[in-house]
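>>> need a 3D model of the following:
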Amino acid sequence: MSPAAIYSVYTSPQHAPIPGHLPTLIVTPHGQPNQILYTYLHTEENRVNYLLTPSPQGDLCVAKLFPPSNNSAQNSSSSLPNSSKQPKPHNVVRCEASRDLRWTIENTGVMSPIYKIVNQDDTPLYQISKPNPNADFWTMFYFKYAGHQIPPRRIEFGKISKNPPERGGGTRISITGRSEDEKQVWQTLGIGNEDCVEWVVCCAVLNLLDDEILRHAEKKNAPNPAAPAATAPVIARGGRSGNRGLGAGIASTAPPSGPPAANLAQAYRQNPPPQIARIPPGQPGSAYRNPPQQQQQPGYGRPPPGGPSPQQQQQQPQQQQRNGFFNRPSPAATAGGRRF
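This is a model prediction of the structure:
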């Protein structure tokens, strides 16, 4: 079993832009843009986000993210005006997943973003940062612990970079798995929980891309002092604005087409999303994939609009083996999950 894995992230061509929400992203095996592994869906004006995985029973929720709202900073400083304790950071994204897994994502950078992923017991798990503020890629690390009073070692295990257009565009996530230390990243959450590592890493990268899309939109909508005054759309997590043109941002080379859908937040209030699917460790529902020994073929673009629909993908045989970099096990063990 090879521990290397390569993913690509695109803007979903099957989800029309929704006012007040960041674009829906999809995670696929690198070089296979029509094989959707995960869908990252934003709801409640980006305050509740879902990581979904397809199954014969419908999309299953494997993780939920709760980004902070715009008022979190004010609430954290005003709720304890006379307290000597430090207020809770207002930029922490709370996350939870199957098997009662909980963790947080916090941007602690000053000159450039530094994302730290911390387990529910306050143990640092991973870190995503740039080698320098001007770098065009991100480096992923995990922390290896050797003893109670021994400082952990920081070990690089992968990179996040843009795919060139001739390679299909989008964003590339590479988990290298070259050395023994790099291979051990899959055991950071325990033996048999390799798919949980995949969820946590994907959630961290997707949250990073959300922030990059917001930063890109802020720069694009920044007023020009030499130009006449104009009303620019305000784009933020957990906020509202009259008009938003987020586009595809860093995660894709072209925005999806089609009319905006209805307000998704209202639809979710009428039909609440399912609880997180409880996938037991070591069962066939695991999402961890093993790349076969074959070379990727360049020339793939953004997921074509004419690709298979989710209904067509669900009609494929349950034990069908995926070609390319990953071999996805059957999610038969997740039959107890509710349809999303």
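>>> all strands for this protein, in order.
5-11, 25-29, 38-43, 48-53, 60-66, 92-97, 101-107, 114-119, 124-129, 137-144, 153-162, 171-175 (DSSP state E).
>>> got the buried residues for the second one?
If you call a residue buried by 16 or more other CB atoms under 10 Å, then strand 25-29 has these buried ones: Leu25, Ile26, Val27, Thr28, Pro29. C-beta here means a position set from N, CA and C on the backbone, and glycine is covered the same way.
>>> tell me what the third one is bridged to.
Right, Val27. Val9, Tyr38 (DSSP bridges).
>>> in contact with it, which residues?
Tyr7, Ser8, Val9, Ile36, Leu37, Tyr38, Thr39, Tyr40, Ile173, Cys202, Leu206 (CB atoms under 8 Å, 6 or more residues apart in numbering).
>>> okay, the third one and Arg167: tell me how far apart.
Taking CB to CB, to the nearest Å as the measure, Val9 falls 13 Å from Arg167.
>>> hmm, back to that, export the contacts of Val27 to TSV and tack on neighbour count and pLDDT?
TSV is the format used below for the contacts of Val27 (neighbours: other CB atoms under 10 Å; pLDDT from 0 to 100):
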residue	neighbour count	pLDDT
Tyr7	25	96
Ser8	27	96
Val9	24	96
Ile36	23	95
Leu37	20	96
Tyr38	25	97
Thr39	20	97
Tyr40	26	97
Ile173	22	96
Cys202	22	97
Leu206	25	97
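>>> now render the buried residues of strand 25-29 as JSON lines, adding distance to Glu198 and pLDDT.
As requested, the buried residues of strand 25-29 are arranged in JSON lines below (distance: CB to CB, whole Å; pLDDT from 0 to 100):
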{"residue": "Leu25", "distance to Glu198": "15", "pLDDT": "96"}
{"residue": "Ile26", "distance to Glu198": "15", "pLDDT": "96"}
{"residue": "Val27", "distance to Glu198": "9", "pLDDT": "97"}
{"residue": "Thr28", "distance to Glu198": "13", "pLDDT": "96"}
{"residue": "Pro29", "distance to Glu198": "12", "pLDDT": "94"}
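>>> quick check, nearest of the residues you listed to Asn91?
Leu25 (20.2 Å; CB to CB).
>>> next up, the contacts around the nearest residue to that closest one once chain neighbours are set aside.
With sequence-adjacent residues excluded and distances taken as CB to CB, 6 or more residues apart in numbering, Leu25 is closest to Tyr40, at 4.3 Å. When contacts are counted by CB under 8 Å, 6+ apart, Tyr40 touches Thr24, Leu25, Ile26, Val27, Asn49, Tyr50, Leu51, Leu52, Cys202, Leu206.
>>> which of those lies closest to Glu194?
Using CB to CB, the contacts of Tyr40 come closest to Glu194 at Cys202, 12.8 Å.
>>> measure the closest one to Asp122 for me?
On the measure of CB to CB, Cys202 and Asp122 end up 22 Å apart.
>>> try Ile155
20 Å.
>>> wait, Arg154 touches Tyr145, no?
No: Arg154 lies out of contact with Tyr145 (CB atoms under 8 Å); the separation is 11.1 Å.
>>> what comes up buried for stretch 206-214?
Buried residues in stretch 206-214 (16+ other CB under 10 Å): Leu206, Asn207, Leu208, Leu209, Asp210, Asp211, Glu212, Ile213, Leu214.
>>> in TSV: those residues, plus distance to Lys220.
Listed next are these as TSV, based on distance: CB to CB, whole Å:
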residue	distance to Lys220
Leu206	21
Asn207	21
Leu208	19
Leu209	16
Asp210	16
Asp211	15
Glu212	12
Ile213	10
Leu214	11
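>>> excluding chain neighbours, what is closest to Leu125?
Using CB to CB, 6+ apart, the nearest residue to Leu125 is Ile117, at 4.8 Å.
>>> list the contacts of that neighbour.
Trp103, Thr104, Ile105, Pro124, Leu125, Tyr126, Gln127, Ile128, Val200, Ala204.
>>> ok, how many other residues are close to the first one?
What that stands for is Trp103. 24 (other CB atoms under 10 Å).
>>> how far away is it from Leu125?
Counting by CB to CB - Trp103 and Leu125 are separated by 7 Å.
>>> find residues that contact each of these two.
Ile117, Val118, Asn119, Val200.
>>> re the thing from before, nearest to Gly192, out of the strands of the chain?
Between the strands of the chain, strand 101-107 lies closest to Gly192; by CB to CB that is 12.9 Å.
>>> using PDB, write out every CA atom in the closest one.
Output in PDB follows, covering the C-alpha atoms of strand 101-107 (Å, rounded to 0.1, in the frame of the first residue of the first chain):
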ATOM      1  CA  LEU A 101     -13.500  13.500  16.100                       C
ATOM      2  CA  ARG A 102     -13.200  17.200  16.900                       C
ATOM      3  CA  TRP A 103     -10.400  19.700  16.000                       C
ATOM      4  CA  THR A 104      -9.900  23.400  15.300                       C
ATOM      5  CA  ILE A 105      -8.200  25.400  12.600                       C
ATOM      6  CA  GLU A 106      -6.600  28.700  13.500                       C
ATOM      7  CA  ASN A 107      -4.700  31.200  11.500                       C
END
